[in-house]
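**Q** Following is a predicted model, sequence given first.
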Amino acid sequence: MEEREIIALLVQQDDSGLRAFQTRYGPLIRYIIAPILPDVREQEECFSDVSWKVWNRIETYQADRGSFKSWLTVLTRNTALNRARRNQHPTQQGEELSPELPDKGPAPEEALLHQEQMLNLKRILWQLDEKERILLFRKYYYHQPTAQIAAELGMTERAVEGRLYRLKQKLRDRLGGEDHA
């Protein structure tokens with residue numbers, strides 16, 4: 001079944017769309033979840049969470065902003081990271097902030113500086129060679145273990161670590177020596 005057909009069925013809340021979605025995108029979702037959540041039960045629960053979110057949020061997907069696969073990848077990664085954080089701090093589950101608490105967010109000047117730094121970092125990342133950028137994303141965005149990256153790219157772990165070290169140095173140099181990488 002084609003991607004657009006799956007999306008249409010999901011929008012219509014048709015069960016066959018969910019089954020087709022899980023069949024087609026299940027391996028990708030599990031691939032993203034596995035390095036973030038090592039426990040198999042957690043992985044399955046996260047897979048269910050992602051499926052539920054896609055089912056309930058499919059209308060938030062906007063084709064003009066990016067591909068469905070990109071949208072799904074971000075949704076999956078963020079769901080897995082949120083679950084991992086909850087597992088690390090179980091006492092904070094369900095706690096809600098009181099409306100009387102002051103906002104501890106950054107000052108407007110800090111927020112603007114941070115936004116400029118992020119734009120600069122994105123610009124520099126997109127100037128990198130595609131293989132370099134993919135290596136950085138796999139390690140620091142998708143949290144894949146070095147051993148997995150090495151095996152899938154046909155490299156040794158030491159070679160992967162060396163390339164990552166050099167890439168971080170390159171990023172530091174291009175960012176003006178600041179420790180952002």
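**A** Arrived safely. Values in this document were obtained by computation on a predicted structure and should not be read as measured data.
**Q** C-alpha from now on. contacts and neighbour counts both.
**A** OK.
**Q** pull the helix or strand with minimum mean pLDDT from this structure.
**A** helix 108-127 (a mean of 84; mean pLDDT, DSSP states H and E).
**Q** Moving C-terminal from that helix, which element do we reach first?
**A** Note on helix 108-127: by DSSP states H and E, the next helix or strand toward the C-terminus is helix 130-136.
**Q** Next up, phi/psi of Met155, please.
**A** Main-chain torsions, Met155, degrees, to the nearest 10: phi -120, psi 170.
**Q** quick one: the helices in the protein?
**A** Along the chain, counting by DSSP state H, helices occupy 3-11, 15-33, 40-57, 68-88, 108-127, 130-136, 146-153, 157-174.
**Q** export the ones you listed to a markdown table and tack on mean neighbour count?
**A** Shown next, in a markdown table, are the helices of the chain (neighbours: other CA atoms under 10 Å):
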| stretch | mean neighbour count |
| --- | --- |
| helix 3-11 | 17 |
| helix 15-33 | 17 |
| helix 40-57 | 17 |
| helix 68-88 | 16 |
| helix 108-127 | 12 |
| helix 130-136 | 15 |
| helix 146-153 | 14 |
| helix 157-174 | 15 |
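**Q** hey, least reliable of these by pLDDT?
**A** Note on those: lowest mean pLDDT is at helix 108-127, with a mean of 84.
**Q** relative to helix 157-174, how tilted is it?
**A** Orientation check (axes from the mean of the first three to the mean of the last three CA atoms, to 10 degrees): helix 108-127 against helix 157-174 gives 130 degrees.
**Q** Could you give the separation of helix 108-127 from the chain centroid?
**A** Put simply, helix 108-127 sits 19 Å off its chain's centre (CA atoms, centre = their mean, to the nearest Å).
**Q** And the contacts of it?
**A** Residues outside helix 108-127 that contact it (CA atoms under 8 Å, 6 or more residues apart in numbering): Arg133, Leu171, Arg174, Leu175.
**Q** Between those residues, which sits nearest Trp52?
**A** Checking the contacts of helix 108-127 against Trp52 by CA to CA gives Arg133 as the nearest, at 30.8 Å.
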